[in-house]
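Undergrad: Model the structure of this input:
(chains A and B)
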Amino acid sequence: DTGVSQDPRHKITKRGQNVTFRCDPISEHNRLYWYRQTLGQGPEFLTYFQNEAQLEKSRLLSDRFSAERPKGSFSTLEIQRTEQGDSAMYLCASSLDSWDGNTGELFFGEGSRLTVL
Amino acid sequence: GQNIDQPTEMTATEGAIVQINCTYQTSGFNGLFWYQQHAGEAPTFLSYNVLDGLEEKGRFSSFLSRSKGYSYLLLKELQMKDSASYLCAVDNTDKLIFGTGTRLQVFP
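TA: From the prediction side, this is the model:
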């Protein structure tokens, strides 16, 4: 399978615990995005990388959230001291660089569903 | 600010035509995407408009008016499998900003 893969698909944790999600993008894609989606809402932008550089982080993102893409391939999203409000689907997407500066089509993974008890 | 509006829910009958509207006010605009998302699944690409006008792709068409900040997705010959959420997303130069999505229910 050459699509975007995410792991784990489901995570249940207790409030206050740390969790980490991993995303493996499509191999030739150098842009990688993290979005969060709650029930009945559209995906909400969290952050994105161009290769290993994190170019933008949403102002809505708490400092408990951190993302890395150390070698410009896979990425991790860590949430520290989880809260019940963090319960959501965390979606990863990747895309090719666009020569004209546009974003281009995003290819999404199946998501990692987080439940904080 | 960024504002993308879509109806929350729509219903239609199998074989019918449905139009899902999207209005936007964003600080940047490089184009508009429509994605389909079945319950519990990842969003998948449907269409992209960068110029004004209609783009047709089989049973699905998408229209854009940049001056009016308006787009619609037209679904023809509806099938039961078209029951899903439809997400309007603005290309904000380096990322997509999504609307809340329109949940479409198709009835036999």
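Undergrad: Show me the shaky parts of chain A.
TA: A:1, A:98-103 (pLDDT under 70).
Undergrad: For it, which residue occupies the most central location?
TA: In chain A, the residue lying closest to the centroid (CA atoms, centre = their mean) is residue A:34, at 2.7 Å.
Undergrad: The nearest residue to residue A:108 once chain neighbours are set aside: what's it in contact with?
TA: With sequence-adjacent residues excluded and distances taken as CB to CB, 6 or more residues apart in numbering or on different chains, residue A:108 is closest to residue B:42, at 3.9 Å. Heads up, the C-betas are built off the backbone N, CA and C, glycines and all. By CB atoms under 8 Å, 6 or more residues apart in numbering or on different chains, the residues touching residue B:42 are A:4, A:91, A:108-111.
Undergrad: From residue B:104, how far off is the residue in chain B positioned nearest to chain A?
TA: Residue nearest to chain A within chain B: residue B:98 (3.5 Å; CB to the nearest CB). Using CB to CB, to the nearest Å, we find residue B:98 at a distance of 16 Å from residue B:104.
Undergrad: Same check on residue A:33?
TA: Distance from residue A:33 to residue B:104, by CB to CB: 25 Å.
Undergrad: Show me which of these two is the more surrounded one.
TA: Neighbour comparison, residue A:33 and residue B:104: the larger count goes to residue A:33, with 28 against 21 (by other CB atoms under 10 Å in any protein chain shown).
Undergrad: tell me which element the more buried one falls in.
TA: Element membership for residue A:33, per DSSP states H and E: strand A:31-37.
Undergrad: That strand: how far from the chain's middle?
TA: 4 Å (CA atoms, centre = their mean, to the nearest Å).
Undergrad: I'd like to know which elements that strand is packed against.
TA: Packed against strand A:31-37 by the contact rule (3 or more CB pairs under 8 Å, 6 or more residues apart in numbering or on different chains; DSSP states H and E) you find strand A:44-50, strand A:75-79, strand A:88-95.
Undergrad: Run through the bridge partners of residue A:44.
TA: Bridge pairing for residue A:44 (DSSP bridges) gives the partners residue A:36.
Undergrad: Find the closest residue to chain B in chain A.
TA: Ranked by CB to the nearest CB, the top residue of chain A for proximity to chain B is residue A:42, at 3.5 Å.
Undergrad: okay, now the residue lying closest to that residue once chain neighbours are set aside: neighbour count?
TA: Of all residues not flanking residue A:42 in the chain, residue B:98 sits nearest, at 3.5 Å (CB to CB, 6+ apart). Residues within reach of residue B:98, counting by other CB under 10 Å, total 24.
Undergrad: Next: residue A:83.
TA: Look at residue A:83: counted by other CB under 10 Å, it has 12 neighbours.
Undergrad: again with residue B:4
TA: As a burial measure, residue B:4 scores 22 neighbours (other CB under 10 Å).
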